[in-house]
Every structure is written in structure tokens, then in C-alpha cells.
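J.: Curious how this folds, go ahead:
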Amino acid sequence: MAIKFSHQTAPATLSAANPSAGTPGTATPGTAAAGARRPARRTRLIAGAAGVMTLVLAACGGSVPLTASGNDAEPAAAAPAAATPVAATIGASDLGEIMAGSNGLTLYGFTNDVDAASTCTGTCAEAWPPVIVDDSFSVAPSLDVGIFATTVRDDGSLQLVAGKWPLYFFAGDVVPGDITGQGSGDVWFAVAPDGSLITEAPAAESAASPLATVSQAESALGPILTDPAGLSLYGFTEDVDGVPTCNDACADAWPPVILSAGELPADLDPATFSVVQRSDGQFQLAAGVWPLYRFAGDGAPGDLNGQGSGEVWFLAAPDGSLIGAGEPSGESAPATEVVEDDDGY
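T.: Take a look at the predicted model:
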């Protein structure tokens, strides 16, 4: 239809332009001039019709031959697909070669995860974020892909598994090579490239606990106690009479300051510091009446992210008190006043 339409249009237009065209012996000077211009007009019309044919063929999916033209352009090259980051690779640490995530941070296994089933959820997963992947995950060529699999978490997401261990990051690790989660609670360990857990301590720390002493630092809330890495130390107001009560998942989010032996380090003042025993038999450092903890959400010296958490976690001061603990809330004072003013009526 398009070809017929273009063919018929040109003669109709020419005829309308000069009704006397084609009649011999009737030309006048004016008519001759018009006749001289007619071929050029026909050429333009035919070229326009050819353009319509090309467009119609292209719109209908027909094959349009390419011709050399100043308007012809090279077809755009397809953009290369973005590379998908590998879910696991090999990193270096004080433990030697370890398994690391796509961000270079150390990957850990949790010994409570039996039969490759992930049991770290809720608050635990905030301190130990799982390595979430999809079915098309990949690992670095330096790793044996045959040791990897996935496990379905309670929320339906897929978590990467190496060997028999679902893999996690630790919120306290900040840069590649950090292994601050190593040995936490005696249940969290860095994963070796072969999928096994590395259960020994770093060589530099094997002779003594990495938290065998504490330091003092300035903060926005005043002087506070910190561990040797500069991370803030906290007390838990639920630890009545100095008895540690933060265990299991709580201890994952709030790792206790564990001593390698049941003795107070020589550099600490016994008038302020003491050693208490936990329910699992480990020894924990205490300041005043408060067993001391770190917060997994603090990633660098100066972080105070645990302060006031749940209204039961507070920064430990150098004198053994807790900063902000015991201060009346905005609602407690009015309630007390009403009771005191009540004469029984």
C-alpha cells in the first residue's frame, strides 16, 4: 500500500500544477519556463516518496538497505555489563590467610550454627551481619567453589555457607585485616580459605588476653574507660551486685571484657577494679560494681553508639560509675511528687 501511494502521488501533483502539459504546439514563453522547472519538481517528489517508502518499510519490520550518506551513523556499541562483586575472597590478617567478603572484611563462623543452619538473628544479626547472596553468587578464583553453598534464613533470604559454616561479618571490624571478632564468646571464629574455623588466637596476642587492661579517654560526655584498641567500655544496669547477666545473644552484641586468668592486671587499681566470674567460667573485668563490656556497634575509638541503649547500657567512667545511669527521666519526677502529696484521699 505504501509503494502504491507514493507512485500515484507524483503524477497527480504534476497534473494539477500544469493542466496543459503534454499538449503539442501550445507552449508559450511562460509555459516553456514552467515546463523547464517541472523535471526538478518531479525529482523532489520522487525522492520524498522514496523516503516515505523507507520509513514505512522500517516501521513494518522490513529490511531497509543501507546506503552511503552523510547522515549515516555507526551503530552504538553495547555497554559492557557491570561486573558482579564476588561474595568471598582471600584476605590477610594476623591469623594468616582468612576468608573475606567483597568489602575485604573478615568473615566469621558461629559454632552454635549446627548442620549449616543459621541461628544468629535479631540483635545477634545486628552485631554479626550475615553474608546475604542470591542463587548466582560467585567467589574469587583463588577459592574452591565446591565448598560453598547457601542456607535459607528465617526471613527467607539466602546466606552464604563455606564448608558447614554460615558466614557473617562482625560490626566491630572496620578495615580489611581487622579480626576484632575472633574468639568472641568462644563461639565466633574467623574462617580459613578451606572453610574451616580458625580457633587459635593471633600470635601477637596468644600470651595474654587482648583486653587484659583498660585505658582512659576523653569523650563528649567526659572521661570514659576504653579497651586497648580505644573502644568504649560500658556497664549493664541489669548486672545487680556485680554479677554478669549478659550471655548468649546478648554477649554477641555486648562482648564482655574477658581476662585470660582470674587475676587483676597489675596496672589496675584494686580500689576501683576487680575480677568477677561469669556463668561459663570465664573471668570478666569489673569497674566499681559493674562488669565491663564493649558494644559491637562501636567500630572506632570515640564511638559512643551504645550509650543509653535500652536505658540499661551506659558508658563506664574511670571511677567505676556509669555515666547517665540512675538519672530520673522526665516522667519519673512528676509521678513521685503526686504520690508524696497524696494524703490518702
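
J.: how about stretch 278-286: buried residues?
T.: 278, 282-286 (16 or more other Cβ atoms under 10 Å). In short, each C-beta sits where N, CA and C put it, glycine included.

J.: Output the residues you listed in CSV, with pLDDT, distance to Ile98 and secondary structure appended to each entry.
T.: CSV is the format used below for these (pLDDT from 0 to 100; distance: Cβ to Cβ, whole Å; DSSP: H, G, I helix; E, B strand; the rest coil):
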residue, pLDDT, distance to Ile98, secondary structure
Arg278, 93, 28, coil
Gln282, 89, 24, coil
Phe283, 91, 28, strand
Gln284, 93, 27, strand
Leu285, 94, 28, strand
Ala286, 96, 33, strand
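
J.: among those residues, which two are most distant?
T.: Gln282 and Ala286 (12.9 Å; Cβ to Cβ).

J.: Which secondary structure state does Gly185 sit in?
T.: What DSSP: H, G, I helix; E, B strand; the rest coil gives for Gly185 is helix.

J.: Same question for the one 5 residues further on.
T.: Under three-state DSSP, the three-state class of Ala190 is strand.

J.: Quick check: it vs Pro256, distance?
T.: For Ala190, the distance to Pro256 (Cβ to Cβ, to the nearest Å) stands at 20 Å.

J.: Equivalent analysis for Ser142, please.
T.: 36 Å.

J.: Show me which of those two is the more surrounded one.
T.: More crowded of Ser142 and Pro256, by other Cβ atoms under 10 Å: Pro256, with 26 against 11.

J.: Asp94 contacts Ala190, doesn't it?
T.: No. Counting by Cβ atoms under 8 Å, Ala190 is not a contact partner of Asp94; they are 9.9 Å apart.

J.: Overlap in contacts, these two.
T.: Shared contacts of Asp94 and Ala190 (Cβ atoms under 8 Å, 6 or more residues apart in numbering): Ile179.

J.: Tell me which of those two has more neighbours.
T.: Applying other Cβ under 10 Å to Asp94 and Ala190 shows that Ala190 carries more neighbours, namely 28 against 15.

J.: May I have the beta-bridge partners of that one?
T.: On the basis of DSSP bridges, Ala190 is bridged to Tyr108, Ile198.

J.: Look up how far Val114 lies from it.
T.: 19 Å.

J.: mind giving me the domain split of this protein?
T.: Following the assignment in automatic domain parsing, the chain carries domains at 89-203, 215-315.

J.: Could you export the ones you listed as TSV, including distance to Ser321?
T.: Formatted as TSV, the domains of the chain follow (distance: least, Cβ to Cβ, whole Å):
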stretch	distance to Ser321
domain 89-203	25
domain 215-315	6
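
J.: so where's the stretch 101-250 of the chain uncertain?
T.: 201-212 (pLDDT under 70).

J.: how about the strands of it, start to end?
T.: Here the stretch 101-250 of the chain has its strands, by DSSP state E, counting those that start in this stretch, at 108-110, 132-133, 148-152, 158-162, 165-166, 188-191, 197-198, 215-219, 222-226, 234-236.

J.: And the third one, what does it pack against?
T.: In terms of contacts (3 or more Cβ pairs under 8 Å, 6 or more residues apart in numbering; DSSP states H and E), strand 148-152 is packed against strand 158-162.

J.: Pairing partners for the strand it packs on, with directions?
T.: strand 132-133 (antiparallel), strand 148-152 (antiparallel), strand 165-166 (antiparallel).

J.: Please export the C-alpha coordinates of that strand as CSV.
T.: The C-alpha trace of strand 158-162 is given here as CSV (Å, rounded to 0.1, in the frame of the first residue of the first chain):
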residue,chain,number,x,y,z
LEU,A,158,19.9,-16.8,51.3
GLN,A,159,23.1,-16.8,53.4
LEU,A,160,26.5,-17.9,52.0
VAL,A,161,27.9,-21.1,53.6
ALA,A,162,31.6,-22.2,53.5
